[in-house]
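Visitor: Please work out how this folds:
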Amino acid sequence: MINTVRNTVLSVLNKNNYGYLSPSDFNLFAKQAQLDIFESYFYQYNYQINKENARQSGSGIADLAKGIEESMDLFSVTRGLNLNTDVAGSYFMPSDTTTGSDYYFVNKVLAYKEIITVGTTTSFVALATRLLDSAQRFTTLGIVAGDIVAVETATMGVQYLTVVSVDSDIQITTTGSVLTAAAFSYTIIKAGTQQNEVEKVTHSKITMLNNSIYTAPSTTYPSYSSEESLLQVYPNIITSAGRVIAQYFRYPRDPNWTYSVVTGGEPIFNQSQPDYQDFEVPLDDENNLVMKILQYAGVSIREADVYQFANGEETKENQQEG
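Guide: The predicted structure is shown next:
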């Protein structure tokens, strides 16, 4: 879609010799345009829900909120959170370095109610599917095939594996092949273990809850608060790799129109480049992307006509959708 959008933008700009948009400028404007559209989903969804509550919106194919929700779900991610070993019950919020993507909005946090055991791998084998811990007693603990192993890796965040076989008290074989070094933190969870939703509370309220014998958070009804890049779970006995999971909406990846050669002064599109990235918004937002990029381009080349045209088209479309 990104090449079609760029060609359309250039066609509009070149029609009246308004100017040329370089690939680097296009990518900058494309990033901002996609972010604008992404953030608008949340406002549009809220608007449509309010219309439904006021009985001013339809159902079935006229259910506009459902279509917006499907667009939002393209950016929904569920990942285990990395443990912060400095503070009991503390986990790192989703980010590029921990879960692979920065969060825009954390929608839900879950925690496994019970775990079987935790530990740290002490060695590894070439197959990279065998978890070895000389301090464990896997057979004695009753671990069986099908149980879940949450492993916290250095580069891929929390990975959830499944026990294939229990080879001995100190070794189990799992699915996947991430166990490529020693000293991986892991948590073993019984298959089918209940996941409880962790309620978000304010910093002022969590103090009151923790000090009450009646409302103190428990493993059945846990709570959390967040500050900077950390998420603090209560009770703080919920503190092991992969035990806490977040479902969140990530930011869209930065679009990048890539090219390989320049022929006759014009770069030739090449999507096989390693840093190529298409737009992530749905195809039906192509027109919105074009109009928003034209607005930025109009400001850049100081052409009011381009900006006014794009802004007028966008306003017209918003009125039709409203």
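
Visitor: Which parts of the stretch 1-150 of the chain are strands?
Guide: Secondary structure of the stretch 1-150 of the chain by DSSP state E, counting those that start in this stretch: the strands cover 76-80, 90-92, 103-112, 117-120, 130-132, 148-152.

Visitor: Make a markdown table from the ones you listed and add mean pLDDT to it.
Guide: Listed next are the strands of the stretch 1-150 of the chain as a markdown table, based on pLDDT from 0 to 100:
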| stretch | mean pLDDT |
| --- | --- |
| strand 76-80 | 92 |
| strand 90-92 | 92 |
| strand 103-112 | 93 |
| strand 117-120 | 90 |
| strand 130-132 | 89 |
| strand 148-152 | 91 |
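
Visitor: Quick one: the ones you listed as JSON lines, columns for distance to residue 245 and mean neighbour count too.
Guide: Quick note: C-beta positions are derived from backbone N, CA and C, even for glycine. Listed next are those as JSON lines, based on distance: least, C-beta to C-beta, whole Å; neighbours: other C-beta atoms under 10 Å:
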{"stretch": "strand 76-80", "distance to residue 245": "5", "mean neighbour count": "17"}
{"stretch": "strand 90-92", "distance to residue 245": "10", "mean neighbour count": "22"}
{"stretch": "strand 103-112", "distance to residue 245": "5", "mean neighbour count": "17"}
{"stretch": "strand 117-120", "distance to residue 245": "16", "mean neighbour count": "17"}
{"stretch": "strand 130-132", "distance to residue 245": "20", "mean neighbour count": "21"}
{"stretch": "strand 148-152", "distance to residue 245": "9", "mean neighbour count": "23"}
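
Visitor: what would those strands look like in CSV with distance to residue 181?
Guide: Output for the strands of the stretch 1-150 of the chain, formatted as CSV (distance: least, C-beta to C-beta, whole Å):
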stretch, distance to residue 181
strand 76-80, 19
strand 90-92, 20
strand 103-112, 25
strand 117-120, 11
strand 130-132, 11
strand 148-152, 11
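
Visitor: wait, which of the ones you listed is closest to residue 29?
Guide: strand 103-112 (20.3 Å; C-beta to C-beta).

Visitor: Packing partners of the closest one?
Guide: helix 23-53, strand 195-197, strand 230-234, strand 244-250 (3 or more C-beta pairs under 8 Å, 6 or more residues apart in numbering; DSSP states H and E).

Visitor: who wins for proximity to residue 173 among these?
Guide: Closest to residue 173 of the helices and strands packed on strand 103-112, according to C-beta to C-beta: strand 244-250, at 24.1 Å.

Visitor: If you count neighbours, what's buried in that closest one?
Guide: 244, 245, 246, 248, 249, 250 (16 or more other C-beta atoms under 10 Å).

Visitor: where's residue 78 relative to residue 138, distance?
Guide: Separation of residue 78 from residue 138 (C-beta to C-beta, to the nearest Å): 27 Å.

Visitor: Check residue 77 too.
Guide: The value you get for residue 77 to residue 138, if C-beta to C-beta is used, is 31 Å.

Visitor: Near residue 237, how many other residues are there?
Guide: 12 (other C-beta atoms under 10 Å).

Visitor: Contact partners for it?
Guide: 88, 89, 219 (C-beta atoms under 8 Å, 6 or more residues apart in numbering).

Visitor: Which one of these is nearest to residue 289?
Guide: Among these, residue 89 lies closest to residue 289 (C-beta to C-beta), at 42.6 Å.

Visitor: Just the buried ones among the contacts of residue 237, please.
Guide: Using 16+ other C-beta under 10 Å, the buried members of the contacts of residue 237 are residue 89.

Visitor: ok, so of the contacts of residue 237, who is nearest residue 7?
Guide: Lowest distance from residue 7 to those (C-beta to C-beta) belongs to residue 89, with 52.4 Å.
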